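Dropping a prediction and its sequence here:
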Amino acid sequence: MWPEPVTLSSTHATLAPLSQEQASDLSEAAADLQGLWYTMIPTADGMAAEITRRLDLQAQGAMLPFAILDRAGRAVGMTTYMNIDAANRRVEIGSTWLGKSAQRGPVNTECKLMLLRHAFEVLDCIAVEFRTHFMNVQSRRAIERLGAKFDGVLRHHMIMANGSLRDTAVYSIIPGEWPAVRANLEWQLAKPRAV
């Protein structure tokens with residue numbers, strides 16, 4: 001299996017292999033995130049099913065799901081390597097969400113740094129992709145702040161739960177860009193944060 005399950009740790013967050021034991025924490029974290037029509041955040045009641053779905057995709061070799069743990073070891077969100085293309089050493093970092101308590105701090109930046117470092121420095125990826133709904137401006141800006149380059153838009157890429165058609169904005173980072181992206185993420189994490 002490529003990539004193999006792994007635990008990645010940093011100062012403010014740990015990425016641990018996803019399991020049903022985290023369902024209660026994740027349900028609590030997701031409870032106040034509902035209502036954004038352009039995202040696909042699991043509901044608190046649907047968390048166990050979402051964990052099962054992601055673990056089934058892992059068994060098929062299409063996804064490597066993680067729970068995002070805070071410093072106290074509480075699961076506060078999810079992220080994945082998805083759309084895995086082992087033959088071409090490509091992954092997408094996606095299906096990411098964080099509970100409100102973990103937003104606007106260093107957790108998401110640290111998680112992206114850990115996932116990108118592992119992808120480029122351990123897995124030897126030739127590209128790491130990011131995708132989001134074209135209308136999700138907050139997510140698009142966050143991806144751009146990582147240093148990912150805009151590749152284009154997949155028009156009418158998906159049918160959303162509400163029946164609307166999703167145009168998907170696609171971004172990527174390639175190995176030659178990784179040193180600058182890494183330096184920028186490390187700099188962002190080293191900056192003093194307003195309290």
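Structure received. In this text the structure is predicted, and so the values were computed from the model without any measurement. Residues are numbered from 1 along each chain as shown.

contacting residues around the residue nearest to Arg90 when sequence neighbours are not counted?
Take Arg90 and drop its neighbours on the chain: the residue closest to it by CB to CB, 6 or more residues apart in numbering is Ala127, 5.0 Å away. Every residue, glycine included, has its C-beta placed from N, CA and C. In this structure, Ala127 makes contact with Arg90, Ser172, Ile173, Ile174, judged by CB atoms under 8 Å, 6 or more residues apart in numbering.

what about stretch 6-17, distance to the chain center?
Offset of stretch 6-17 from its chain centre (CA atoms, centre = their mean, to the nearest Å): 13 Å.

Name the residues that touch it?
5, 22, 65-71, 73, 75, 79, 102, 105-107, 110-111, 113-115, 118, 189.

and if we set it to 6 Å?
Here stretch 6-17 makes contact (CB atoms under 6 Å, 6 or more residues apart in numbering) with Pro5, Phe66, Ala67, Ile68, Leu69, Pro106, Val107, Glu110, Cys111, Met114, His118.

JSON lines for the contacts of Ala127, including secondary structure, distance to Leu57 and pLDDT?
Shown next, in JSON lines, are these (DSSP: H, G, I helix; E, B strand; the rest coil; distance: CB to CB, whole Å; pLDDT from 0 to 100):
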{"residue": "Arg90", "secondary structure": "strand", "distance to Leu57": "16", "pLDDT": "98"}
{"residue": "Ser172", "secondary structure": "strand", "distance to Leu57": "21", "pLDDT": "98"}
{"residue": "Ile173", "secondary structure": "strand", "distance to Leu57": "23", "pLDDT": "98"}
{"residue": "Ile174", "secondary structure": "coil", "distance to Leu57": "25", "pLDDT": "98"}
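
ok, of those residues, which come out buried?
By neighbour count, with 16 or more other CB atoms under 10 Å, those hold Arg90, Ser172, Ile173 as buried.

between these, which is closest to Asp151?
Ser172 (5.5 Å; CB to CB).

Now stretch 73-92 - C-alpha only, CSV.
In CSV, the C-alpha atoms belonging to stretch 73-92 read as follows (Å, rounded to 0.1, in the frame of the first residue of the first chain):
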residue,chain,number,x,y,z
GLY,A,73,-5.0,14.6,22.0
ARG,A,74,-8.6,15.5,21.2
ALA,A,75,-9.7,15.0,17.6
VAL,A,76,-10.7,18.4,16.2
GLY,A,77,-10.9,17.7,12.5
MET,A,78,-10.1,15.4,9.6
THR,A,79,-7.8,15.5,6.5
THR,A,80,-6.7,13.0,3.9
TYR,A,81,-4.3,12.1,1.2
MET,A,82,-6.9,11.3,-1.5
ASN,A,83,-7.2,10.5,-5.2
ILE,A,84,-4.0,8.6,-4.6
ASP,A,85,-2.1,7.7,-7.8
ALA,A,86,0.6,5.4,-6.6
ALA,A,87,2.0,4.6,-10.1
ASN,A,88,2.6,8.4,-10.7
ARG,A,89,3.4,9.3,-7.1
ARG,A,90,0.6,11.9,-6.9
VAL,A,91,-1.7,12.7,-4.0
GLU,A,92,-4.4,15.3,-3.3
